[in-house]
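Visitor: Pasting the sequence and the predicted coordinates here, then a few questions.
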Amino acid sequence: MDNKAVVTALAALAQDSRLAVFRLLVQVGPEGLAATRIAEQLEIPPSSLSFHLKELTHAELVTQTKAGRSLIYSANFPTMNGLIGFLTENCCGGNVCSPVRVSNCSEEGACS
C-alpha cells in the first residue's frame, strides 16, 4: 500500500460515523449489509449515510455490489489488511513485539 492510499484510508476513518460504518461492516463479514440496514443499525439518516459510504468506497475500504434493487456494502478486507500491514510493518524495530496489554480502564480514566 502506498502512502497516498494510506492517507486516504486514514482520512476516511477519521470521522465518527464512517468509523462506525466500517467497524459494523467488518463485524458483519464478507456478506455485507444493505444501506438501509446500516442506517437502521447505526441510526444514521440515509442521506448522511450515502455521503459516508461514498467516502469509504473512494478510500477503497468498502465495496458495493448490486443485489436486486439493493446495494450491498462490504468491508474491503484486502485493503484493511494492507492498511494494518503498512502501519505495523516496522513495529518494534523488526523484533518480536510484546503482546499488547488491554487495560480495564473506562473512558473517564478509572481503572479496575
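Guide: Ah, there it is.

Visitor: tell me the strands in the protein, going along the chain?
Guide: With DSSP state E, the ranges of strands along the chain come out as 33-34, 62-67, 70-75.

Visitor: Just send those back as a markdown table, with distance to Asp16, mean pLDDT and mean neighbour count too.
Guide: (Glycine included, C-beta is placed from N, CA and C.) As requested, the strands of the chain are exported to a markdown table (distance: least, CB to CB, whole Å; pLDDT from 0 to 100; neighbours: other CB atoms under 10 Å):
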| stretch | distance to Asp16 | mean pLDDT | mean neighbour count |
| --- | --- | --- | --- |
| strand 33-34 | 18 | 98 | 18 |
| strand 62-67 | 16 | 96 | 14 |
| strand 70-75 | 17 | 96 | 18 |
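
Visitor: Turn these into a markdown table, columns for distance to Ala20.
Guide: Formatted as a markdown table, the strands of the chain follow (distance: least, CB to CB, whole Å):
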| stretch | distance to Ala20 |
| --- | --- |
| strand 33-34 | 13 |
| strand 62-67 | 13 |
| strand 70-75 | 13 |
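
Visitor: Quick check: which of those is nearest to Val7?
Guide: Nearest of the strands of the chain to Val7, taken as CB to CB: strand 62-67 at 17.2 Å.
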